[in-house]
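Novice: let's see this in three dimensions:
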Amino acid sequence: MDTLSFGSAIFLILAVGMALAFEFVNGFHDTANAVATVIYTHTLRPWIAVIWSGCWNFLGVLTSTGGIAFAILALLPVELVVNIGSSAGFAMVFALLISAIIWNLGTWYLGLPASSSHTLIGSIMGVGLANSLMAKDHVFGDGVNWGKVEEVFASLLISPVVGFVCAGLLLLATKALIRKPELYQEPPKDQPPPLWIRGLLVLTCTGVSFAHGSNDGQKGMGLVLLILIGILPGAYALNPGTDAAALQKLQGTAVLVQKNLDAHAPNTIVKLEEADYELSGFLKAGATATDRTFAALAVTNRTLATALAGKQNFQGLTIDDRKALRTNIYLVQSTLIKMSKDHLFTDAAEQKMLVGDDGYRKQLQGITEFIPLWVKIAVALALGLGTMIGWKRIVVTVGEKIGKSHLTYAQGGSAELVAMGTILLADHYNLPVSTTHVLSSGVAGTMAANNSGLQTATLRNLLMAWVLTLPVCVFLGAATFSAGLLIIYYNLSAIVFPILALLGGLLYWKFSRRQKAKAMVPQTGA
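Specialist: Numbers count the residues shown, from 1 in each chain. Okay, the predicted model is just below:
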């Protein structure tokens, strides 16, 4: 098992704390959208709404599969994931967290609904671009998994359009089918809606909160797990819940697969020490497979099968053995997936055995892709508490500043039903989507369908935040990653960390004074 020095323990606490802080700030943004409708229609009092939403966020995180967490991690540069315990790996983790938190806090302070998904993905792209510039034998941009970026961004770009169009159409359909005038009128001031409308809006709020937790909570899980693998590989490099039957099945499949892999490049020899470099190169965007790629895959898989032979569990493996086994599993699994997408396995039986739903790839996935229960609970608490504390700024924007008239019952219900359905569908396909963009665009869609008018100033600000999120976070990710490497290389941590702590303290002091000054001034709002 792992033994930690005092310095490593402090490093672990700091890193995990920052990952949870990212989810905490995420709660400021996204779940505020879920409670906006029930607050502005007087369905629930604000303090009840945010606690209710926070609880369902918690449950959404706990019941999530973890598939989105690993879809996000697939965007990271291969060499940094493989060597996550290195200095560059730790610099990457801190760069992602710092840049994402900075942008999320800034947009929240301005009351602008911004996407935490865009924020994190932009930071990942920045790290990948900076790594390709600073590492040897790299071409600019080859540290970014562009194929996965395109897949993820397609979901992020399409989902707001779906929210706008579908919410508007749902409102029009509701008007045609349900002839209840009170649904389409501005709610009376400080008066709750009829009981049946109240129940519907509470249901949609619950659904959006649960869906948000199940989708967005997974990003924090992936980051925490990445930290744990780097600092505590003995405990978290491999799934400790793997039983003897699963290991024996995996080892048997690895032996069967070996015959197929050897047949693809029978006359090509790649040494084991060269295989990692060959496969890592193939996994970069634009790379194509050669006989050496198949030979490297075969030798890596043979090493993997040998390491698993006769194993009933992972207890007998040293920390270095566990790290090596995880690296080999990651390389074999990722290579098989890319080869399958490139249609390199033309035989249907071979395709099924290697990457089918019950095939070799799925068995490998179970060894390395797991989320410990305590990580789910910690992320769920951070997200839920963020919901309860930082909700008001974004709620005011969604409830008051998108349309020119007050949000009606039907508009709130339509926007939330579409948001809930869109997010749950994305969950099914392990695609990250932005709750903020889906619901905000849904509200805008209902305002347009209702001829309520849209506030162009707010829409302009939302569009600016949406457009700027990616380039700003790419820059922040690249800058913080580069700065982290320089700090490590020149051993400047003894100077830098106290300065950062001092700056953080000054910012907190100034923010606290401003909040106290505002509290002394009478305010109106939700």
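
Novice: residues touching Phe164, list them.
Specialist: 441-442, 444-445, 448 (C-beta atoms under 8 Å, 6 or more residues apart in numbering). All C-beta atoms are positioned from the backbone trio N, CA, C, and that covers glycine.

Novice: what about Glu274, distance to Thr268?
Specialist: 11 Å (C-beta to C-beta, to the nearest Å).

Novice: output the below-cut-off pLDDT ranges for the stretch 401-526 of the chain.
Specialist: 401-406, 452-463, 465-466, 488-526 (pLDDT under 70).

Novice: Pro187: what secondary structure?
Specialist: coil (DSSP: H, G, I helix; E, B strand; the rest coil).

Novice: for it, phi and psi?
Specialist: As for Pro187, its main-chain torsions (degrees, to the nearest 10) stand at phi -60, psi 140.

Novice: would you confirm that it contacts Tyr409?
Specialist: Yes - the pair Pro187 and Tyr409 passes the contact test of C-beta atoms under 8 Å, sitting 6.7 Å apart.

Novice: shared neighbours of the two, anything?
Specialist: 41, 193.

Novice: surely Leu431 is within a strand?
Specialist: No - assigned with three-state DSSP, Leu431 falls outside any strand and is coil.

Novice: pull the number of nearby residues for it.
Specialist: A total of 21 residues lie near Leu431 under the criterion other C-beta atoms under 10 Å.

Novice: restricting to C-alpha, output the host helix or strand of Thr107 in PDB.
Specialist: Remark: Thr107 resides in helix 87-109, with elements defined by DSSP states H and E. The C-alpha atoms that make up helix 87-109 are tabulated as PDB, following Å, rounded to 0.1, in the frame of the first residue of the first chain:
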ATOM      1  CA  SER A  87       5.600  16.500 -12.100                       C
ATOM      2  CA  ALA A  88       4.000  17.300 -15.400                       C
ATOM      3  CA  GLY A  89       1.000  15.200 -14.500                       C
ATOM      4  CA  PHE A  90       0.500  17.100 -11.300                       C
ATOM      5  CA  ALA A  91       1.000  20.500 -13.100                       C
ATOM      6  CA  MET A  92      -1.700  19.400 -15.500                       C
ATOM      7  CA  VAL A  93      -4.200  18.700 -12.700                       C
ATOM      8  CA  PHE A  94      -3.600  22.000 -10.900                       C
ATOM      9  CA  ALA A  95      -3.800  23.900 -14.200                       C
ATOM     10  CA  LEU A  96      -7.200  22.400 -15.000                       C
ATOM     11  CA  LEU A  97      -8.500  23.200 -11.600                       C
ATOM     12  CA  ILE A  98      -7.200  26.700 -11.200                       C
ATOM     13  CA  SER A  99      -8.200  27.900 -14.700                       C
ATOM     14  CA  ALA A 100     -11.700  26.400 -14.400                       C
ATOM     15  CA  ILE A 101     -12.300  27.900 -10.900                       C
ATOM     16  CA  ILE A 102     -11.100  31.300 -12.000                       C
ATOM     17  CA  TRP A 103     -13.500  31.500 -14.900                       C
ATOM     18  CA  ASN A 104     -16.500  30.000 -13.100                       C
ATOM     19  CA  LEU A 105     -16.100  32.400 -10.200                       C
ATOM     20  CA  GLY A 106     -15.700  35.400 -12.500                       C
ATOM     21  CA  THR A 107     -18.800  34.700 -14.500                       C
ATOM     22  CA  TRP A 108     -20.800  33.800 -11.400                       C
ATOM     23  CA  TYR A 109     -19.900  37.100  -9.800                       C
END
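
Novice: what residues of the helix or strand that that helix is followed by count as buried?
Specialist: Tracing the chain C-terminally past helix 87-109 and defining elements by DSSP H and E, one meets helix 116-134 next. Across helix 116-134, burial judged by 16 or more other C-beta atoms under 10 Å covers 116-132.

Novice: likewise for stretch 58-66?
Specialist: 58-61, 64, 66.

Novice: what is the end-to-end distance of that stretch?
Specialist: 14 Å (C-alpha to C-alpha, to the nearest Å).

Novice: what's the answer for stretch 275-291, then?
Specialist: Terminal-residue distance, stretch 275-291 (C-alpha to C-alpha): 12 Å.

Novice: for the record, mean pLDDT for it?
Specialist: Averaging pLDDT along stretch 275-291 yields 86.

Novice: repeat that for stretch 69-86.
Specialist: Computed over stretch 69-86, the average pLDDT equals 75.

Novice: off-centre distance for that stretch?
Specialist: Stretch 69-86 sits 13 Å away from the centroid of its parent chain (C-alpha atoms, centre = their mean, to the nearest Å).

Novice: mind giving me the packing neighbours of the helix or strand encompassing Thr422?
Specialist: Thr422 belongs to helix 409-428 when assigned by DSSP H and E. For helix 409-428, the packing partners by 3 or more C-beta pairs under 8 Å, 6 or more residues apart in numbering; DSSP states H and E come out as helix 6-40, helix 146-177, helix 195-231, helix 435-449.

Novice: buried sites along the longest one?
Specialist: Residues of helix 195-231 classed as buried: 197-198, 200-202, 204-231 (neighbour count, 16+ other C-beta under 10 Å).

Novice: now the following helix or strand past it: average pLDDT?
Specialist: As assigned by DSSP H and E, the chain's next helix or strand after helix 195-231 is helix 233-236. Here helix 233-236 scores 86 as its mean pLDDT.

Novice: pull the very next helix or strand once past helix 233-236 out as CSV, backbone CA atoms only.
Specialist: Once the chain leaves helix 233-236, the next helix or strand it forms, by DSSP H and E, is helix 244-264. C-alpha atoms of helix 244-264 as CSV (Å, rounded to 0.1, in the frame of the first residue of the first chain):
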residue,chain,number,x,y,z
ALA,A,244,-11.0,-13.6,-8.8
ALA,A,245,-13.5,-14.6,-11.4
ALA,A,246,-13.2,-11.3,-13.3
LEU,A,247,-9.4,-11.5,-13.3
GLN,A,248,-9.4,-15.1,-14.5
LYS,A,249,-11.9,-14.2,-17.3
LEU,A,250,-9.8,-11.2,-18.3
GLN,A,251,-6.6,-13.2,-18.4
GLY,A,252,-8.2,-15.9,-20.5
THR,A,253,-9.6,-13.3,-22.9
ALA,A,254,-6.2,-11.6,-23.1
VAL,A,255,-4.6,-14.9,-24.2
LEU,A,256,-7.3,-15.5,-26.9
VAL,A,257,-6.9,-11.9,-28.2
GLN,A,258,-3.1,-12.3,-28.4
LYS,A,259,-3.5,-14.8,-31.3
ASN,A,260,-5.5,-12.2,-33.3
LEU,A,261,-3.1,-9.4,-32.5
ASP,A,262,0.0,-11.4,-33.5
ALA,A,263,-1.6,-12.3,-36.8
HIS,A,264,-1.9,-8.6,-37.8
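
Novice: before we move on, back to that, neighbour count winner among Pro187 and Tyr409?
Specialist: Comparing Pro187 with Tyr409 by other C-beta under 10 Å, the one with more neighbours is Tyr409, at 25 against 19.

Novice: residues in contact with stretch 334-349?
Specialist: 74, 78, 147, 279, 282-283, 288-289, 293, 297, 351, 354-355, 360-361.

Novice: in TSV: the helices and strands packed on helix 409-428, plus distance to Lys323.
Specialist: Listed next are the helices and strands packed on helix 409-428 as TSV, based on distance: least, C-beta to C-beta, whole Å:
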stretch	distance to Lys323
helix 6-40	16
helix 146-177	24
helix 195-231	9
helix 435-449	36
